[in-house]
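Undergrad: A structural model of the following input is requested.
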Amino acid sequence: MNVSGVKEVRALQKLAIENSRLKIPLIFALDVIHGYKTISPIPLAESASWNLGLIQKSASMAAREAAASGINWTFAPMVDISRDARWGRVMEGGGEDPYLGSKIAVARINGFQGNSLNDPLTIAACAKHFAAYGFAESGRDYNTVDMGLQTLNNIVLPPFKASAEAGVATFMNSFNELNGVPATGSKFLQRDILKRNWNYKGLMVSDWGSIGEMIPHGYSKDLKDAARHAILAGSDMDMMSSAYIKHLKNLVEEKIISIDIINDAVIRVLELKYNLGLFSDPYRYCNLERENEYVLNAENRQIALEMAKESIVLLKNENNILPLKKSGLKIALVGSLAKDKDSPLGNWKANGPKNSAVSVLEGLKRGNTNILTYKEGPRLINKPTFFHEHVDINNSDTTGTKKALNSTKDADVVIAVLGEHGLQSGEGRSRTKIDLPGLQMNFLKQLYKKNKNIILVLMNGR
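TA: Predicted coordinates for the structure are as follows:
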């Protein structure tokens, strides 16, 4: 997991094939959520396009790049329906509607998996998180979920059922409890609904460490007990908690679980590797020429651009202020996000190069002869932010505000680029309030006093 690039993948695969007892090839997985190196808009933005064909094309492009770089499996699409925008992971899904969410799930699965997993330019998809993760109480990530069968069956499950029917190769269970039982240990979800009622033959993988997390949930007394709960419930593969490696053998030998349960899980894992063609050629995804040809090429960038154009939502256009003329205008551009080349890439950007987006400032300088002035205004964050760090929002430093306000006075039009930093949404990035963070709302009110001709460009992950 999280190993990519043909050179690294081949080296690890060689170890498995040449030095292990059974010589079973490894499968390589990565969170390819909205692009591998060529980054498309976040999935929530893609869903706003309503263009299912283009959404499928975007996923197919991501799959080609990832597969050419040695990856066989992505932990996408996230098909959770959620109606609380405070939850950070809404950026990763298809919105609040189960019908549209189901259609998008199928489009993305078809994009990732193509016509055959045996094609070395496709990858296995993963419908996640099974189930009800998007209904975490108060929009707080990893929180508990308490719901009736009506909501579960009519709102939460339809995109998962559509995914199963579309032939998604894998499912992932979720961190949350559902009605007091952790999803990872839920026989009701995994064995009764998915594997029996829907007759699903694919692989169920746990979420990151979610088997071990059944201990703090208060459901399992220790890691051995968590391994027992998870395997009996139908979790076929343990991601990152080491519960299965440490305890499944003993549980079988102690006759606490049957070898038949192990065999069922093993068959699902081996079948996935077989369908990907890894048994016929463990190195089929390790082609340097293919990696050089397919990653970050002009065709992929064109697809991402197409998707970006269709994902933009025009909220209103009072007095037909848009579109702007290409010449003869004095434009004042303000807002620290206007020069940001990283935030527009969004969270979960896989191997997308840092600061590789075209900023609004750069874009406005291209292809027109308008007079453009840019002033940042109050900055959004106090310091650079990394994935696991808290986003340090500026709530007090008004440096730059006066210059920005003055620059708008005589402008024909003001373009204010406001919203969220790219890492204010995503996993573990829930918010208590979904307002404009920091000093931005006050800044916008001051702008309006200076010049009412404002185009507000909002960048959001929710």
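
Undergrad: contact partners of stretch 340-356?
TA: Contact with stretch 340-356 is made by 4, 30-39, 41-42, 45, 66, 69, 91-92, 337, 357-359, 362, 420-423, 425-427, 429, 459, 461, as judged by CB atoms under 8 Å, 6 or more residues apart in numbering. The way it works is simple: take the backbone N, C-alpha and C, and place the C-beta from them, glycine included.

Undergrad: and if we set it to 7 Å?
TA: The contact list for stretch 340-356 (CB atoms under 7 Å, 6 or more residues apart in numbering) reads 4, 30-37, 39, 42, 91-92, 337, 357, 359, 421-423, 425-426, 459, 461.

Undergrad: Ends of it, what's the gap?
TA: The first and final residues of stretch 340-356 sit 10 Å from each other (CA to CA, to the nearest Å).

Undergrad: quick one: average confidence on it?
TA: Here stretch 340-356 scores 95 as its mean pLDDT.

Undergrad: Could you pull out the buried residues of it?
TA: Neighbour-count burial for stretch 340-356 flags 340-352 (criterion: 16 or more other CB atoms under 10 Å).

Undergrad: same thing with stretch 259-270?
TA: For stretch 259-270, burial by neighbour count (16+ other CB under 10 Å) applies to 261-262, 265, 268-269.

Undergrad: Not counting residues beside it along the chain, what's closest to the residue lying farthest from the centre of the chain?
TA: Distance from the centre of the chain peaks at residue 410, with 42.2 Å (CA atoms, centre = their mean). In space, and not counting its chain neighbours, residue 410 is closest to residue 330: 6.7 Å by CB to CB, 6 or more residues apart in numbering.

Undergrad: same thing with residue 362?
TA: Using CB to CB, 6+ apart and skipping the chain neighbours, the partner closest in space to residue 362 is residue 341 (7.8 Å).

Undergrad: So which of the buried residues of stretch 340-356 is the closest to residue 194?
TA: Nearest to residue 194 among those is residue 348, at 24.7 Å by CB to CB.

Undergrad: and the nearest residue to the closest one once chain neighbours are set aside, how far is that from residue 77?
TA: Nearest non-adjacent residue to residue 348, counting by CB to CB, 6+ apart: residue 33, 3.9 Å away. According to CB to CB, to the nearest Å, residue 33 stands 8 Å off from residue 77.

Undergrad: Overlap in contacts, the two.
TA: Shared contacts of residue 33 and residue 77 (CB under 7 Å, 6+ apart): residue 43.

Undergrad: Looking at these two, which is more packed in?
TA: A count of neighbours by other CB atoms under 10 Å puts residue 77 above the other of residue 33 and residue 77, at 30 against 26.

Undergrad: ok so the residue farthest from the centre of the chain is a helix residue?
TA: No. Under the criterion used here (DSSP: H, G, I helix; E, B strand; the rest coil), residue 410 is coil, not part of a helix.

Undergrad: packing partners for the helix or strand residue 263 falls within?
TA: Assigned by DSSP states H and E, residue 263 falls within helix 259-275. Applying 3 or more CB pairs under 7 Å, 6 or more residues apart in numbering; DSSP states H and E, we find helix 259-275 packed against strand 203-205, helix 223-233, helix 243-253.

Undergrad: Relative to residue 110, which of these is closest?
TA: strand 203-205 (18.6 Å).

Undergrad: for that closest one, what is the average pLDDT?
TA: Model confidence over strand 203-205, given as mean pLDDT, is 98.

Undergrad: Over to stretch 174-189?
TA: Stretch 174-189 comes out at a mean pLDDT of 98.

Undergrad: Make sure the residue nearest to residue 362 is indeed in a strand.
TA: No. Secondary structure of residue 341 (three-state DSSP): coil, not part of a strand.

Undergrad: how about the residue nearest to residue 348, secondary structure?
TA: Secondary structure state of residue 33, per three-state DSSP, is coil.

Undergrad: Tell me the spacing between it and residue 92.
TA: From residue 33 to residue 92 the distance is 6 Å (CB to CB).

Undergrad: so what sits against both of these two?
TA: Counting by CB under 7 Å, 6+ apart, the shared contacts of residue 33 and residue 92 are 43, 348.

Undergrad: How about residue 428: what's its closest non-neighbour residue?
TA: Once flanking residues are discounted, residue 428 sits nearest to residue 141: 5.3 Å by CB to CB, 6+ apart.

Undergrad: ok, now how distant is that neighbour from residue 240?
TA: 17 Å.

Undergrad: Please say which of those two ends up with more neighbours.
TA: Counted by other CB under 10 Å, residue 141 and residue 240 do not tie: residue 141 has more neighbours, with 17 against 13.

Undergrad: related to what we said a few turns ago, could you single out the most deeply buried of the helices and strands packed on helix 259-275?
TA: Highest mean neighbour count among the helices and strands packed on helix 259-275 (mean count of other CB atoms under 10 Å): strand 203-205, with a mean of 25.

Undergrad: And it, what does it pack against?
TA: Under the contact criterion of 3+ CB pairs under 7 Å, 6+ apart, strand 203-205 touches strand 170-173, helix 259-275.

Undergrad: just to revisit the earlier point, for the helices and strands packed on helix 259-275, give me a markdown table that also has distance to residue 179.
TA: Formatted as a markdown table, the helices and strands packed on helix 259-275 follow (distance: least, CB to CB, whole Å):
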| stretch | distance to residue 179 |
| --- | --- |
| strand 203-205 | 19 |
| helix 223-233 | 14 |
| helix 243-253 | 23 |
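
Undergrad: Okay then, goodbye and thanks.
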